[in-house]
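Peer 1: Below is the sequence, then the predicted model.
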Amino acid sequence: MGLLTAACAAYASLAAWLWLTLAQGMFWRTDVRLPPRTAPAHWPSVAIVVPARDEAEVLPRSLPSLLAQDYPGEAEVVLVDDGSTDGTGELARRLAGEHPGLPLTVVSPGDPAPGWTGKLWALRHGIAIARTAHPAEPDFLLLTDADIAHEPDSLRELVAAATSADLDLVSQMARLRVAGLWERLVVPAFVYFFAQLYPFRRINRPSARTAAAAGGCVLLRTGAAVRAGVPDSIRQAVIDDVSLARAVQRSGGRIWLGLAERVDSVRPYPALADLWQMVARSAYAQLRHRPLLLAGTVAGLTLVYLVPPAALLAGLATGHPAVAWPGGLAWLLMAGTYLPMLRYYGQPAALAALLPFTALLYLLMTVDSAVQHYRGRGASWKGRTYARPSDA
């Protein structure tokens, strides 16, 4: 009975990997970059809105890149100091003096109103300032995190892509920092898992029903934001980027998501604890705080990522090829689909074989996210803990 169970699990995992490889929107490909684009006859105006809470560590590497944007049209930067205690606002003003370029406005909205997450409260305030500071509101809003650095032509390329393809939302998954051991193990997998859940090619179809965005870099038409009622309509969202994309799509807007070439995160995650917090703070919110979804996720991760190496090793150890070969083939498909992401991040191919270990870490992070939620410490970030939407 044990052999039959092991063989069934191995074949089920192999079937899952065949389906993922062939039918899940080619999620493993990393060539989804900004669509073909040409310069518009008239460059639209843009307001860059940056929510920032205790970002003094990374701001010197990110804010100057925004101020230095080589954009032919009218553009400005609005940094929203969201209750920082490390002098983020003062540092931003000083950096603007040291790095002249686009005009910078620094504002502070105060504590979030009940039912709002901190980031969305800051974005609401920044968008309102951008829309009312001048006689004509900006045509586009670039919503970008305080840890994201942009190459000088980033804004120009984003706007050209939006105007050329008539897109209402253009988002790029910033290239995250990969330096230390744990970053090498966890960060490429983070993007790989995200693409597996939200295949970029599927999102980018004109008739797509799947919606997602990467919150670090979102170019949004102001008119589309008004039609979708954002950020007010998603004010309780912890997974704010996916919620934003869904709201725009549901209001009739066209969205696009891909990997970045000119946009990078400068935030370091040197220790496993840092990466653990990054994932665990919102993992259970992604599952809508539902125990059944958590149980299904744990079972799915186990079947898809942990069964293949276990089946291969057990089959070889006991001399049962019926267990070993489907497990080995599933592991091979897993590693093969992970290789493009490792290449994108400039990492050695040998790390592909360790994806089951990384998946185990993500499984534990997800369980820990649920545990912290029920202890009253879930969905927390920089000193704030958010209730589930129904309790907010």
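Peer 2: Yes, it's here. The shown structure was predicted, so the numbers you read here are calculated from the model rather than taken from an experiment. Numbers count the residues shown, from 1 in each chain.

Peer 1: low-scoring pLDDT stretches of the stretch 251-392 of the chain, where are they?
Peer 2: Residue ranges of the stretch 251-392 of the chain with pLDDT under 70: 378-392.

Peer 1: Spell out the residue ranges of the helices in it.
Peer 2: Per DSSP state H, counting those that start in this stretch, the stretch 251-392 of the chain carries helices over the ranges 272-286, 291-301, 307-318, 321-344, 355-374.

Peer 1: Redo the ones you listed as a markdown table? Include mean neighbour count and distance to residue 222.
Peer 2: Glycine gets a C-beta too; all of them are placed from N, C-alpha and C. Formatted as a markdown table, those follow (neighbours: other Cβ atoms under 10 Å; distance: least, Cβ to Cβ, whole Å):
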| stretch | mean neighbour count | distance to residue 222 |
| --- | --- | --- |
| helix 272-286 | 19 | 27 |
| helix 291-301 | 14 | 35 |
| helix 307-318 | 19 | 48 |
| helix 321-344 | 20 | 32 |
| helix 355-374 | 18 | 34 |
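
Peer 1: Please report phi then psi for residue 248.
Peer 2: Per-residue torsions, residue 248: phi -70, psi -40 (degrees, to the nearest 10).

Peer 1: Please look at residue 72 and residue 44 and confirm they touch.
Peer 2: No. Residue 72 is beyond contact range of residue 44, at 10.2 Å (criterion: Cβ atoms under 8 Å).

Peer 1: Between those two, which is the more surrounded one?
Peer 2: Just comparing residue 72 and residue 44: by other Cβ atoms under 10 Å the higher neighbour count belongs to residue 44, 16 against 12.

Peer 1: What score does that one have for pLDDT?
Peer 2: In this model, residue 44 is scored at 98, pLDDT.

Peer 1: what about it, which SS state?
Peer 2: Secondary structure, DSSP: H, G, I helix; E, B strand; the rest coil: residue 44 is coil.

Peer 1: Correct me if wrong: residue 276 contacts residue 365.
Peer 2: Yes. Here residue 276 lies in contact with residue 365, judged by Cβ under 8 Å, at a distance of 5.6 Å.

Peer 1: could you show me where the strands are in the stretch 1-150 of the chain, in order?
Peer 2: Assigned by DSSP state E, counting those that start in this stretch, the stretch 1-150 of the chain shows strands spanning 46-52, 75-81, 104-107, 140-144, 148-150.

Peer 1: Quick one: these as TSV, columns for mean neighbour count and distance to residue 199 too.
Peer 2: Shown next, in TSV, are the strands of the stretch 1-150 of the chain (neighbours: other Cβ under 10 Å; distance: least, Cβ to Cβ, whole Å):
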stretch	mean neighbour count	distance to residue 199
strand 46-52	26	28
strand 75-81	25	32
strand 104-107	18	37
strand 140-144	27	23
strand 148-150	24	23
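
Peer 1: want to throw these into JSON lines with distance to residue 284?
Peer 2: Shown next, in JSON lines, are these (distance: least, Cβ to Cβ, whole Å):
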{"stretch": "strand 46-52", "distance to residue 284": "23"}
{"stretch": "strand 75-81", "distance to residue 284": "27"}
{"stretch": "strand 104-107", "distance to residue 284": "32"}
{"stretch": "strand 140-144", "distance to residue 284": "25"}
{"stretch": "strand 148-150", "distance to residue 284": "25"}
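
Peer 1: buried ones in stretch 189-202?
Peer 2: Using 16 or more other Cβ atoms under 10 Å as the test for burial, stretch 189-202 gives 189-196, 198-202.

Peer 1: so can I have a markdown table of those showing distance to residue 78, pLDDT and secondary structure?
Peer 2: Formatted as a markdown table, those follow (distance: Cβ to Cβ, whole Å; pLDDT from 0 to 100; DSSP: H, G, I helix; E, B strand; the rest coil):
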| residue | distance to residue 78 | pLDDT | secondary structure |
| --- | --- | --- | --- |
| 189 | 34 | 98 | helix |
| 190 | 29 | 97 | helix |
| 191 | 28 | 97 | helix |
| 192 | 33 | 98 | helix |
| 193 | 32 | 97 | helix |
| 194 | 28 | 96 | helix |
| 195 | 31 | 97 | helix |
| 196 | 35 | 97 | helix |
| 198 | 28 | 97 | coil |
| 199 | 33 | 97 | coil |
| 200 | 29 | 97 | helix |
| 201 | 33 | 96 | helix |
| 202 | 33 | 96 | helix |
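
Peer 1: which among the residues you listed gets closest to residue 245?
Peer 2: Within these, distances to residue 245 taken as Cβ to Cβ reach their minimum at residue 198, with 8.8 Å.

Peer 1: isn't the closest one right up against residue 209?
Peer 2: No. Contact status for residue 198 versus residue 209: not in contact, 11.6 Å apart, counting by Cβ under 8 Å.

Peer 1: Give me the residues contacting stretch 186-202.
Peer 2: 20, 24-29, 32, 173, 176-178, 208, 210-212, 242, 257-259, 269, 272, 275, 279, 337-338, 341-342, 344-345, 347, 351, 355, 358-359, 361-362 (Cβ atoms under 8 Å, 6 or more residues apart in numbering).

Peer 1: quick one on the thing from earlier: I'd like the helices of the stretch 251-392 of the chain written out as TSV, with distance to residue 143 added.
Peer 2: Output for the helices of the stretch 251-392 of the chain, formatted as TSV (distance: least, Cβ to Cβ, whole Å):
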stretch	distance to residue 143
helix 272-286	17
helix 291-301	28
helix 307-318	39
helix 321-344	24
helix 355-374	25
